[in-house]
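Trainee: Got a predicted structure here, sequence first:
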Amino acid sequence: MLIHSLFHRVAAAALVLTCTVPAIAGDGPIRKLFVDPEARRVELFEALDEGLISVRVVPRDELQAQFFVSNKTDEPLTVEFPKAVAAVPVLKQFGQNPFGQNPFGQGNNFQNGQNQANRNNAAQSIGGQIGASGQQMQNQAVGQGIFNVNSKAKPSAKGKSKVLGGGFCSIPPEKTVQLEIQSVCLDHGKKTPTSKMIYELRPIEEHAKDPALVALFENVDLRSGSRPAIQAAAWNIQNGLPLQQLVRETISGRHETYGSGNHLLNAQQLITASRQAARDGNPTPETAAQSPQTASANPRTRTSR
């Protein structure tokens, strides 16, 4: 199938998990991921809706963000992550002034708030995959297990059958785990995200303008795949950006352009495969997810902060 020939089987968005409860030092986030076999299992967005957890997204740039999940209950929870997510900038929220109108006029705090809102408004949305950080993966012994993104989860509490791809990990009562989101930009030409901006997490299906974008993120490997090709494909699908417009554009953080190498050819292959996958419906684990091939032999509403 076309999907077979154009995507490598997804694995890097998976979480590396151990089977022992980690030692928790102080009140900082837990970085050593684990699974508690006795913990209640909850799906990420359903748990958010029910107030069982809270999340915080702290972007580094358009390619990566830190991701924190806090257990707000008095029992351990095992949180299941979807294959892909979106994170979008939101306006800073201000509490109501107990004195009614701003007693200091339309300056100072009000102006600072407007500046923050304008900065957020001009920032990029990002789409990506939740997973363990590279350091977390290195710290785990080989053979302790990677949760395969193609594994099928049991039906959720709401009776919906889910195919989860981002893996899962457990969180002790009233504790926080730290992961990361590997991502790409979804708004060509807008401001690069920074850690000072406020982002919220959303299901990728809610933010995607085209089902092909969902298929793209559910089938590529953002950790080890061709990030420039994935970025170009996302801009084309989400923003309608012609690939030829990127020929001379410099790749973020690199001294090369999208027109060099096979980036745009790979992007076109990804676009074609993603549109086919969207038309065919969710591909099964056996037929889905191969990452881009090169044509030659040389071959980055749930309040987050």
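Mentor: Happy to help now that I have it. Numbers count the residues shown, from 1 in each chain.

Trainee: which regions of the stretch 51-200 of the chain sit below the pLDDT cut-off?
Mentor: Across the stretch 51-200 of the chain, the stretches falling below the confidence threshold (pLDDT under 70) are 92-121, 133-166.

Trainee: Tell me where it has helices.
Mentor: With helices called from DSSP state H, counting those that start in this stretch, the stretch 51-200 of the chain shows them at 109-121, 134-139.

Trainee: pretty sure residue 268 contacts residue 243?
Mentor: Yes: with contact defined as Cβ atoms under 8 Å, residue 268 and residue 243 form a contacting pair (6.3 Å). For every residue, glycine as well, the C-beta is placed using N, CA and C.

Trainee: which strand is the longest one in this protein?
Mentor: Counting by DSSP state E, the longest strand found in the chain is strand 176-185.

Trainee: What residues sit buried inside that strand?
Mentor: Across strand 176-185, burial judged by 16 or more other Cβ atoms under 10 Å covers 176, 177, 178, 179, 180, 181, 182, 183, 184, 185.

Trainee: Now render those as TSV, adding distance to residue 198.
Mentor: Converted to TSV, these look like this (distance: Cβ to Cβ, whole Å):
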residue	distance to residue 198
176	18
177	21
178	18
179	19
180	18
181	15
182	21
183	16
184	20
185	17
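
Trainee: How much space separates residue 41 from residue 81?
Mentor: Here the criterion is Cβ to Cβ, to the nearest Å. By it, residue 41 lies 12 Å from residue 81.

Trainee: Please apply the same query to residue 223.
Mentor: In terms of Cβ to Cβ, residue 223 sits 14 Å off from residue 81.

Trainee: Which one's more surrounded, the two?
Mentor: residue 81 (26 against 19; other Cβ atoms under 10 Å).

Trainee: What residues are bridge-paired with that one?
Mentor: residue 167 (DSSP bridges).

Trainee: For residue 212, see how far away it is.
Mentor: For residue 81, the distance to residue 212 equals 22 Å [Cβ to Cβ].

Trainee: re the thing from before, helices and strands around the longest strand of the chain, which ones?
Mentor: Secondary-structure packing of strand 176-185 (3 or more Cβ pairs under 8 Å, 6 or more residues apart in numbering; DSSP states H and E): strand 64-71, strand 85-89, strand 126-131, strand 167-171, helix 227-239.

Trainee: okay, the angle between the second one and helix 227-239?
Mentor: Translated: strand 85-89. If you take axes from the mean of the first three to the mean of the last three Cα atoms, to 10 degrees, strand 85-89 sits at 70 degrees to helix 227-239.

Trainee: What helices and strands are in contact with strand 85-89?
Mentor: Going by 3+ Cβ pairs under 8 Å, 6+ apart, strand 85-89 lies up against strand 126-131, strand 176-185, strand 199-203, helix 204-207.

Trainee: same question, the longest one
Mentor: The elements that helix 227-239 packs onto, with contact taken as 3+ Cβ pairs under 8 Å, 6+ apart, are strand 176-185, helix 211-219, helix 263-280.

Trainee: hey, C-alpha coordinates of the first one in CSV?
Mentor: As requested, C-alpha coordinates have been extracted for strand 176-185 and formatted as CSV (Å, rounded to 0.1, in the frame of the first residue of the first chain):
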residue,chain,number,x,y,z
THR,A,176,3.4,15.7,38.5
VAL,A,177,5.3,13.9,35.7
GLN,A,178,7.4,15.7,33.1
LEU,A,179,7.4,14.6,29.5
GLU,A,180,8.0,16.4,26.2
ILE,A,181,6.2,17.2,23.0
GLN,A,182,8.1,16.8,19.7
SER,A,183,6.3,19.2,17.3
VAL,A,184,6.2,21.3,14.2
CYS,A,185,4.6,24.7,13.4
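
Trainee: Is residue 177 bridged to anything, and to what?
Mentor: Going by DSSP bridges, residue 177 forms beta bridges with residue 30, residue 69.

Trainee: Correct me if wrong: it contacts residue 68.
Mentor: Yes: the pair residue 177 / residue 68 is scored as a contact, 7.3 Å apart, by Cβ under 8 Å.

Trainee: Overlap of the contact sets of these two?
Mentor: Taking Cβ atoms under 8 Å, 6 or more residues apart in numbering as the criterion, residue 177 and residue 68 both touch residue 29.

Trainee: so what's the backbone phi/psi at the closest residue in space to residue 173 that isn't next to it in sequence?
Mentor: Residue nearest to residue 173 in three dimensions, not counting chain neighbours: residue 74, with 4.8 Å by Cβ to Cβ, 6 or more residues apart in numbering. Backbone geometry at residue 74, expressed as degrees, to the nearest 10, gives phi -100, psi 20.
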